[in-house]
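K.L.:
My questions concern the predicted model and sequence given below.
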Amino acid sequence: MILRLPPLSLYVHLPWCVAKCPYCDFNSHALNGELPEARYIDALLADLEVDLPRVWGRTVHSVFLGGGTPSLFSGQAIDRLLTGLRARLNLAPGAEITMEANPGTVEHDRFEAYREAGVNRISLGVQSFDDRQLKTLGRIHGGEEAMRAIEAVQGAGFERFNLDLMWALPGQTTEQALADLEQALAFEPTHLSHYQLTLEPNTLFAARPPALPDEDTVIDMQDACAERLLAAGLEHYEISAWAGPGQASRHNLNYWRFGDYLGIGAGAHGKLTLPAEQQVLRTRRKSHPRPYLKAPETRDFIAEARPVPEAELPFEYFLNRFRLDEPVPLADFEAFTGLSSQTIEAALQRALELELIELDPVCDPLESGSRAHQRIVRTERGQRFLNDLQALFLDSA
Ligand SMILES: C[S@@+](CC[C@H](N)C(=O)[O-])C[C@H]1O[C@@H](n2cnc3c(N)ncnc32)[C@H](O)[C@@H]1O
Ligand code: SF4
């Protein structure tokens with residue numbers, strides 16, 4: 001089987017925040033002292049050069065500046081970063097360039113400077129508009145400030161923007177979750193990420209858990225919010241992601257479709273297909289900003305580069321792919337893992353028996369003699385028991 005190259009994206013991690021939020025397990029670090037802006041951009045560009053030979057001649061279709069809080073960086077710094085990326089990479093014309101921003105870090109003219117630098121999509125971490133909730137969540141901004149930040153994004157001319165909201169917050173009722181949603185929808189975002197608050201290990205919330213809504217309230221909240229989002233004309237295209245028609249995040253879609261991505265910056269993860277080696281390679285950069293900033297001297301940015309063992313490829317593929325609400329052509333599975341769909345026949349059979357999936361009825365496997373012409377359609381049951389469905393593909397190769 002020949003491995004085919006999927007589309008390529010670039011993720012850039014900017015690891016500092018004003019303060020660490022008690023629920024957050026991202027590789028983010030409270031900024032003590034001055035932001036080493038210029039040194040970090042230098043490090044990122046040197047870091048990119050390490051990976052360039054692995055992606056020679058390929059086009060990059062999207063860039064995502066994530067964090068941490070990228071909006072701590074000035075417009076000038078982001079301009080230098082994007083200019084440096086363009087000089088080294090073949091960036092597709094009209095490529096989606098997203099930047100995450102925290103409403104507590106953006107003076108008003110910053111968004112204009114980001115746009116002039118080439119950013120064409122903003123993802124704003126609102127979380128809630130309720131001041132009491134924002135305080136519990138350890139956020140550095142209030143609801144009013146979040147609204148001013150959204151207006152600034154719109155005022156700067158960003159046609160595409162995402163708002164992050166969290167729900168099932170401590171003590172939250174369905175009415176309160178809906179009120180947050182209503183406020184967000186009033187700004188007509190092209191994309192809304194609606195994350196259920198989870199208690200992640202090694203966070204302050206895990207050590208001292210707040211009282212979260214009970215299971216019945218969570219289900220009620222989820223249903224009511226989904227109904228409201230659908231009524232607003234947004235499509236539910238991934239577990240937590242909602243978008244207007246044609247407004248899905250192209251960058252995140254590429255992750256979930258098992259696309260390739262370069263990952264640069266402290267702690268960034270990457271995934272690259274290497275057809276000559278018949279390998280899918282996973283890379284991870286040094287996590288802590290301090291050693292990462294020292295790396296340009298030694299060009300030693302990488303903490304780990306590991307080919308994914310064949311036996312793990314089906315699980316990795318479907319872990320991503322089944323998050324999306326779209327059929328999965330088995331031909332894609334074969335092309336992007338390099339495995340025959342025969343290797344997952346037992347898992348497919350089990351998933352069919354459990355009614356977690358259906359195979360696209362337009363293609364009859366007996367006629368074609370191969371599953372490669374079929375598409376897997378996740379059933380509603382498959383969506384509800386997603387973890388069970390994904391687990392069927394563990395060690396199936
Ligand atoms: C990197 S942050 C976004 C930008 C910026 N750092 C901020 O918080 O404003 C990514 C998003 O993940 C979500 N998130 C982080 N930790 C979470 C958790 N434990 N449960 C649910 N959502 C979480 C939040 O909505 C957050 O905005
Ligand atoms: S601002 Fe964002 S990245 Fe930073 S700690 Fe809070 S949620 Fe995490």
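P.N.:
It's in. Residues are numbered from 1 along each chain as shown. Ligands and ions are numbered 1, 2, ... in the order given.
K.L.:
So what's the residue count around the residue in the stretch 151-300 of the chain that ligand 2 sits nearest to?
P.N.:
Across the stretch 151-300 of the chain, the shortest distance to ligand 2 (Cβ to the nearest ligand atom) belongs to Asp164, at 8.6 Å. To be clear about C-beta, it is placed using only N, CA and C from the backbone, and glycine gets the same treatment. Using other Cβ atoms under 10 Å, Asp164 has 18 other residues around it.
K.L.:
same question, Glu312
P.N.:
19.
K.L.:
on that earlier part again, the residue of the stretch 151-300 of the chain closest to ligand 2 in helix, strand or coil?
P.N.:
strand (DSSP: H, G, I helix; E, B strand; the rest coil).
K.L.:
ok, now which ones touch it?
P.N.:
123-127, 193, 195 (Cβ atoms under 8 Å, 6 or more residues apart in numbering).
K.L.:
residues in contact with the longest helix anywhere in the chain?
P.N.:
Ordering each helix of the chain by length in residues (DSSP state H) puts helix 215-231 first. The set of residues external to helix 215-231 that reach it, using Cβ under 8 Å, 6+ apart, is 167-168, 172-174, 177-178, 181-182, 185, 192, 194, 196, 213, 236, 242.
K.L.:
Closest one to Gly382 out of those residues, please.
P.N.:
Using Cβ to Cβ, His236 is the member of the contacts of helix 215-231 that lies nearest Gly382, at 14.6 Å.
K.L.:
That closest one contacts Ala248, doesn't it?
P.N.:
No - with contact defined as Cβ atoms under 8 Å, His236 does not count as touching Ala248 (10.6 Å).
K.L.:
Who has more neighbours out of these two?
P.N.:
Ala248 (19 against 15).
K.L.:
and that one, how far is that from Glu238?
P.N.:
To Glu238, Ala248 is 8 Å away according to Cβ to Cβ, to the nearest Å.
K.L.:
so Glu67 sits right up against Trp16, yeah?
P.N.:
Quick fix: residue 67 is Gly, not Glu. Yes - proximity of Gly67 to Trp16 meets the contact threshold set by Cβ under 8 Å, at 7.3 Å.
K.L.:
rewinding a little: could you point out which element follows the longest helix of the chain?
P.N.:
With elements assigned by DSSP states H and E, the helix or strand that comes after helix 215-231 is strand 235-238.
K.L.:
Can you mark which positions in the following helix or strand past that next one are buried?
P.N.:
Heading C-terminal from strand 235-238, the first helix or strand you meet, by DSSP H and E, is strand 241-243. For strand 241-243, burial by neighbour count (16 or more other Cβ atoms under 10 Å) applies to 241-243.
K.L.:
cool, stretch 373-385 as well?
P.N.:
Those would be 373-376, 378-379, 382, for stretch 373-385 by 16+ other Cβ under 10 Å.
K.L.:
before we move on, the earlier item: so which of the contacts of Asp164 is the closest to ligand 1?
P.N.:
Nearest to ligand 1 among the contacts of Asp164, counting by Cβ to the nearest ligand atom, is Gly125 at 2.0 Å.
K.L.:
What's the per-residue pLDDT of the closest one here?
P.N.:
At Gly125, the model reports a pLDDT of 98.
K.L.:
in the sheet, who's paired with it?
P.N.:
Asp164 (DSSP bridges).
K.L.:
check contacts around it.
P.N.:
With Cβ under 8 Å, 6+ apart, Gly125 has these contacts: 100-103, 164.
K.L.:
Identify the farthest-apart pair in those.
P.N.:
Glu100 and Pro103 (11.3 Å).
K.L.:
Return every residue with contacts to both of the two.
P.N.:
Listed as contacting both Glu100 and Pro103 by Cβ under 8 Å, 6+ apart are 124-125.
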